[in-house]
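Q: When you get a sec, could you give me coordinates for this:
(4 chains)
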2 protein chains.
Amino acid sequence: MRNKEETYKQIIETAFSMFSEKGFDQTSLSSIAAEIGISKPAIYYYFKSKDELIKSLFDTIVQEIQSITYIDLKEMNTTNVKQTLYHVGENAINHQKKNLAFNQLFNQYIMLATRDSYYAEKLADIQQEFFNTFHDMLTNAVEIKAIKDENILIKSQLLALVFDNITNFILTNMNLDYERIWREAVDSVLRGIENHE
Amino acid sequence: MRNKEETYKQIIETAFSMFSEKGFDQTSLSSIAAEIGISKPAIYYYFKSKDELIKSLFDTIVQEIQSITYIDLKEMNTTNVKQTLYHVGENAINHQKKNLAFNQLFNQYIMLATRDSYYAEKLADIQQEFFNTFHDMLTNAVEIKAIKDENILIKSQLLALVFDNITNFILTNMNLDYERIWREAVDSVLRGIENHE
DNA sequence: GTCTATACAGCGATAGAC
DNA sequence: GTCTATCGCTGTATAGAC
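A: Modelled structure (predicted):
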């Protein structure tokens, strides 16, 4: 007989890799069970339906996301605002290139959100936090007088939009110079509002 | 007995609305057939499988997209470059707000593309055309000497990325001032390279 | 040529045995 | 805690009605 926690963990991990590879609908519970070496109804002991398994997996990866987007604003000073913004993008681009499976799965939840308010609400929170990250960075830059206080809200939303879509485009295998595009976005947004040089 | 073309058209139209509403996998051929008032195997007379129906629908909507993205560059002159770019975005934002079903469906094909090269290749072409549209606009602006020739390629890719993600965000019901974000993107990108004022 | 009837394997899900 | 057996449904396939 198996260990309960171990089996639960195995189901979540196998679901993660199979769902991200083939999608929710093209991955049957039988195939997940077969991969682990248990029977299909055994999964029902841990999750009361396939949808519940998908939701549990969602909650697992949401926690991971929130740990990635953290940025230490204390490191920011008058001379390194641009560099700090550059790095945020470069780190994310590198992370994304190495974690395609993660975003492949995440995008499926975004699609689910258009039809299921459970996901819509949680994803809205994540998006809001994501926007706040950029808004906090620019607001902080204003406070330390590195940049002028002009359209900071819209500018941070613009940066967030570019940032977000870069990760999407990496997924589609479009071969663009994402680092340069990100730097151009940062340069464009800051142009004219930087204090002295 | 039914008319052949009429039935075909009905299947495509019903598939469009049901697929965009509930998704490919949550829409059975039986439910499509029931909606039209024919039997399930009747669909197999027109499409040799569900996947074939999905592909045919794809080809139908691809044609529509290519007619939307057309922009008349002859209208552009030294004084209206910014306004022309503003309008491209505003038109798309309005179009998107009124055609959510269309993009809902389109996004499903983007997800399919990560696992099926048939869609990946065609979508790559569309994306390329999409990038070209912005590149052509900026190149044209350079040629009529409305703007300087600085980083035109990266700048057009940046605009395309923002443009594309605005339509995605509208779909997620995130309530942002997209017109203002788009104008900020255009302003930011053109800032410093506009000739005289 | 246009479609219906029927059959089948595989799915998510449940009941009940061990 | 995990299994076998079974249910209703799906996509798919084909035989054949008209």
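Q: C-alpha only now, for contacts and for neighbours.
A: Fine.
Q: Quick check: can you list the domain ranges of chain A?
A: Split into domains by automatic domain parsing, chain A comes to A:4-54, A:69-190.
Q: Would the shortest one count as contacting DNA strand C?
A: Yes: for domain A:4-54, a contact with DNA strand C is found by C-alpha under 7 Å from any atom of the strand, at A:25, A:27-31, A:40-41, A:44, A:48-51.
Q: most packed of the domains of chain A?
A: A comparison of these by mean neighbour count, using mean count of other C-alpha atoms under 10 Å in any protein chain shown, puts domain A:69-190 on top with a mean of 17.
Q: in chain A, which segments are predicted with low confidence?
A: A:1-2, A:4, A:69, A:197 (pLDDT under 70).
Q: change it to 80
A: Judged by pLDDT under 80, chain A has its weakly predicted residues at A:1-4, A:66-72, A:196-197.
Q: Can you name the residue of it nearest to chain B?
A: residue A:188 (4.8 Å; C-alpha to the nearest C-alpha).
Q: mind checking the longest helix of chain A?
A: helix A:117-143 (DSSP state H).
Q: next one: that helix to chain centre, how far?
A: Mean C-alpha position of helix A:117-143 versus that of the full chain (C-alpha atoms, centre = their mean, to the nearest Å) differs by 12 Å.
Q: Report the angle between whichever helix or strand comes after it and helix B:152-171.
A: Counting by DSSP states H and E, the next helix or strand C-terminal to helix A:117-143 is helix A:152-171. Here the directions of helix A:152-171 and helix B:152-171 differ by 100 degrees (axes from the mean of the first three to the mean of the last three C-alpha atoms, to 10 degrees).
Q: how about helix A:152-171 against chain B, any contact?
A: Yes: with C-alpha under 8 Å from any C-alpha of the partner chain as the criterion, chain B is reached by helix A:152-171 at A:154-155, A:157-158, A:161-162, A:164-166, A:171.
Q: could I get the domains of chain A as CSV with distance to residue B:81?
A: Shown next, in CSV, are the domains of chain A (distance: least, C-alpha to C-alpha, whole Å):
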stretch, distance to residue B:81
domain A:4-54, 43
domain A:69-190, 17
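Q: And the contacts of stretch A:74-92?
A: Contact partners of stretch A:74-92, identified using C-alpha atoms under 8 Å, 6 or more residues apart in numbering or on different chains, comprise A:141, A:144-146, A:163, A:167, A:179, A:182-183, A:186-187.
Q: which among the residues you listed are in contact with DNA strand D?
A: Among the contacts of stretch A:74-92, not one lies near DNA strand D by C-alpha under 7 Å from any atom of the strand.
Q: tell me which of the residues you listed is nearest to DNA strand D?
A: residue A:167 (31.4 Å; C-alpha to the nearest atom of the strand).
Q: Now residue A:135. Nearest residue, chain neighbours left out?
A: In space, and not counting its chain neighbours, residue A:135 is closest to residue A:156: 5.1 Å by C-alpha to C-alpha, 6 or more residues apart in numbering or on different chains.
Q: Same check on residue A:180?
A: Nearest one to residue A:180, counting by C-alpha to C-alpha, 6+ apart, is residue B:154 at 7.3 Å.
Q: Near chain B, which residues of chain A? Just list them.
A: Counting by C-alpha under 8 Å from any C-alpha, the residues of chain A near chain B are A:22, A:25, A:107-108, A:111, A:113-115, A:120, A:124, A:154-155, A:157-158, A:161-162, A:164-166, A:171-172, A:174, A:180-182, A:184-185, A:188-189, A:191.
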